[in-house]
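[1] Could you work out the structure for the sequence below:
(chains A and B)
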There are 2 protein chains.
Amino acid sequence: MSNIVTVIAPVNIAVIKYWGKRDEKLILPLNDSVSATFDTSVMCAKTSVSTHPDFVEDQIWLNGKEESFSNPRLQNCLREIKSRAVAEKTIAEDVLSWKVHVSSENNFPTAAGLASSAAGYACLVSALAKLYKIKSDVSSIARLGSGSACRSVYGGFVRWHAGSKPDGSDSIATQIADSNHWPEMRVLVLVVGNTQKKVSSTVGMKISSETSELLKHRIQHCVPQRTERIIEAIKNKDFYKFAEITMKDSNQFHAICLDSYPPIVYMTDISHSIVDLIHKYNDFSGETKVAYTFDAGSNACLYLLKHDVPKVISLIKYAFPSTSPENFITGLSVAKEEINTDILSKLCIEPMGMDMIKYIIHTKIGEGPTEIDSHLLDSNGLPVSEINKI
Amino acid sequence: MSNIVTVIAPVNIAVIKYWGKRDEKLILPLNDSVSATFDTSVMCAKTSVSTHPDFVEDQIWLNGKEESFSNPRLQNCLREIKSRAVAEKTIAEDVLSWKVHVSSENNFPTAAGLASSAAGYACLVSALAKLYKIKSDVSSIARLGSGSACRSVYGGFVRWHAGSKPDGSDSIATQIADSNHWPEMRVLVLVVGNTQKKVSSTVGMKISSETSELLKHRIQHCVPQRTERIIEAIKNKDFYKFAEITMKDSNQFHAICLDSYPPIVYMTDISHSIVDLIHKYNDFSGETKVAYTFDAGSNACLYLLKHDVPKVISLIKYAFPSTSPENFITGLSVAKEEINTDILSKLCIEPMGMDMIKYIIHTKIGEGPTEIDSHLLDSNGLPVSEINKI
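    Coordinates of the predicted model:
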């Protein structure tokens, strides 16, 4: 019977964005980034890894379907984990020669632009690290799978240090504050319908690095200052400052994309109407109640405090009506609140067409990768599928 | 009988964009800009001015409707013209004390984001200059009406110098090349339907100047270099270079808008799908055949050479179908060309929904303001309306 380890790992969404590599192969970024890790009880990747002398080849199943193991990013992660195991002498050398089986699933749509590769690689690397009993930081190995995966290796609020060494050994993630530090923080992921075809992050970053004249200024002058300031805001639980920097950095990231040639466009009219709604609501409230941030896609991620969730959801429901309101919110439960008609008249909001936002995922800040007992590989090292999709 | 002068003046669209003021009151820009002036036979403002001892007050009619003369920009233009007349001793001082009547019309929709204020103020100031027999450059006076109006004072390709003097006396327009210099150059203005509510240029520039961290870099490092390079391209009739700089500067201007806080968004999904189509077409053609540029609105302005117009129009007609194709193109006539099916299969273009582009104005480079004999004021100084709308 094979030795199986299963881990669930979280999604993370950056508030200071990673955009542009200083080394394509080692996935070393041009700038530091900062993110929040989301609760695995709502969104997670789940990965089982197993090794056995009888396995004849390395094999991987994603969402139950076998994929090629020859993917260089996957190869790099496995090779680095094994070499770390050798260096740390955690395991007998013959065990390292056995082939591995990997089965991985996400409980959310892979292609929806919800940082699935970050969660996926953090999960894989964490599972392999446990299989080979590695104790040291593995964020730099997760980084080889997908840059932002290194941030999903920790819970709470996380900083990915760009580092300066050519070998990338100082390009690692560290925790700014753990998942219990700011318990009031909540997250709404607004999944926007009709996402248009988009440029992958890898291709987009390359185009921006090569063509955006503004990117250098962002990296040298804007990001270092913002990174220090948002870390301070997180440590002091200063929501206003956290929110303002988050929104400005999201906007600047998309500005850099637009300054690229050809221009890269991830936000749609719907994304911009979400931005507009949040600014109107904050103006109406007389203080910054909600922050938006957008990754390389049209979905919005909103940060807000727990007591504002019902009101903000009622506003979104009004502005973006759904044909199936009973399935509109998933994740953490939320008290129902009727829309405040005073807000509506003062904000001059007209409802958009139906289903411009497909659904909302309601979540909170959570912990890093965690080992669990329910496996995605059976005792023969073959995949079993059971995870519930949200 | 009153003394009437009537002038028609052109629209201009910048290829190096003006965005941000160093002096709000004098309308002094943070950076130089470069534009092309469009043929008045297609799009123009028309203004009649008249002065007479019997006129009891300054009066203005816009598109036949009387408006307040108290608008400070209008007042500034009239005051500066009169003080120039005094300085140049062109006219008897008592004539300068007579009230003026102004009647002005555009032959295109005022609110469509088609630089109507640039044409309007260039027209007003040029007409007043002729009325008061001023011979010197009046671009700095047109600038007081609307910044970009100073560029409509000249035909062909025009540079607006930011200048450095606090009084703005060196913030003037000069001609780079006249309207006959590049006779093959054509322009297609794509009027996009369903334009959303937008932030005015004046407000937008103020927000960007105060909040965009990238704007300073654009002004100090990007614009000076681009300005020199595009002037060289215009002088050498180097379409490829002209087009590339035009597109990059349009993209950077909209990037700066997005980097502002709150972000300013002028381009819509339709605007971006036009950008996408042009890049696909240029890639397909193996050379840069068409350049796009977008002002503070969603309409596209395409620069291209005469021999490419039929093909590009056939492509736009296919990609953006119209419910009234017979009225889809206005302005200069164009030979009909059927869409090349080879292009379609290679570009993977799917037609958008109907009427995403309302219509196209086909025009070319033209001359500056010109005096004409058909007036918008009658012999009593009262408005007559006759201009045909396009």
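[2] Within its local environment, how many residues does the closest residue to residue A:373 other than its chain neighbours see?
    Spatial nearest neighbour of residue A:373, excluding adjacent residues (Cβ to Cβ, 6 or more residues apart in numbering or on different chains): residue A:6 at 7.1 Å. (Glycine included, C-beta is placed from N, CA and C.) Residue A:6 has 21 neighbouring residues, counting by other Cβ atoms under 10 Å in any protein chain shown.
[3] Please list the residues of the stretch 151-300 of chain A that sit near chain B.
    A:196, A:213-214, A:217-218, A:221-222, A:244, A:247-248, A:251-252, A:254-256, A:258-263, A:265, A:268-269, A:272, A:275, A:279 (Cβ under 8 Å from any Cβ of the partner chain).
[4] Among those residues, which lie within helices?
    A:217, A:244, A:247-248, A:251-252, A:254-256, A:258-259, A:269, A:272, A:275, A:279 (DSSP state H).
[5] Who are the packing partners of the helix or strand containing residue A:117?
    For residue A:117, the element it lies in under DSSP states H and E is helix A:116-131. Helix A:116-131 sits against strand A:3-9, strand A:45-52, helix A:72-88, strand A:99-106, helix A:139-145, with contacts defined as 3 or more Cβ pairs under 8 Å, 6 or more residues apart in numbering or on different chains; DSSP states H and E.
[6] Include mean pLDDT when you put those into JSON lines, please.
    Output for the helices and strands packed on helix A:116-131, formatted as JSON lines (pLDDT from 0 to 100):
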{"stretch": "strand A:3-9", "mean pLDDT": "96"}
{"stretch": "strand A:45-52", "mean pLDDT": "96"}
{"stretch": "helix A:72-88", "mean pLDDT": "96"}
{"stretch": "strand A:99-106", "mean pLDDT": "95"}
{"stretch": "helix A:139-145", "mean pLDDT": "97"}
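[7] would you turn those into CSV with distance to residue B:284?
    Output for those, formatted as CSV (distance: least, Cβ to Cβ, whole Å):
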stretch, distance to residue B:284
strand A:3-9, 43
strand A:45-52, 40
helix A:72-88, 32
strand A:99-106, 37
helix A:139-145, 36
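[8] who's in contact with the spatially closest residue to residue A:366 that is not a sequence neighbour?
    Using Cβ to Cβ, 6+ apart and skipping residues adjacent in sequence, the residue nearest residue A:366 is residue A:39, 3.2 Å away. Counting by Cβ atoms under 8 Å, 6 or more residues apart in numbering or on different chains, residue A:39 touches A:10, A:179, A:332, A:363, A:364, A:365, A:366, A:367.
[9] Contacts for the helix or strand hosting the fifth one, please.
    Element membership for residue A:364 (DSSP H and E) is strand A:357-364. Defining contact as Cβ under 8 Å, 6+ apart, one finds that strand A:357-364 is touched by A:38-39, A:42-43, A:108, A:183, A:185-193, A:270, A:274, A:309, A:313, A:316, A:320, A:322, A:327-334, A:390.
[10] Toward the C-terminus, what is the element adjacent to it?
    Next helix or strand after strand A:357-364 toward the C-terminus (DSSP H and E): strand A:370-372.
[11] angle of the helix holding residue A:117 against strand A:99-106?
    Angle, helix A:116-131 to strand A:99-106, by axes from the mean of the first three to the mean of the last three Cα atoms, to 10 degrees: 140 degrees.
[12] Between strand A:3-9 and helix A:116-131, find me the angle.
    Here the directions of helix A:116-131 and strand A:3-9 differ by 140 degrees (the same axes, to 10 degrees).
[13] average pLDDT for helix A:116-131?
    For helix A:116-131, mean pLDDT rounds to 95.
[14] I'd like to know how many residues surround residue A:236.
    Using other Cβ under 10 Å, residue A:236 has 11 neighbouring residues.
[15] meant to ask about residue A:7, not that
    Residue A:7: 27 neighbours (other Cβ under 10 Å).
[16] Show me the beta-bridge partners of it.
    Beta-bridge partners of residue A:7, counted by DSSP bridges, are residue A:47, residue A:371.
[17] Wait, it touches residue A:102, no?
    No: Residue A:7 is not in contact with residue A:102 according to Cβ atoms under 8 Å; the separation is 11.2 Å.
[18] Need the overlap of contacts for the two.
    With Cβ under 8 Å, 6+ apart, residue A:7 and residue A:102 have common neighbours A:47, A:127.
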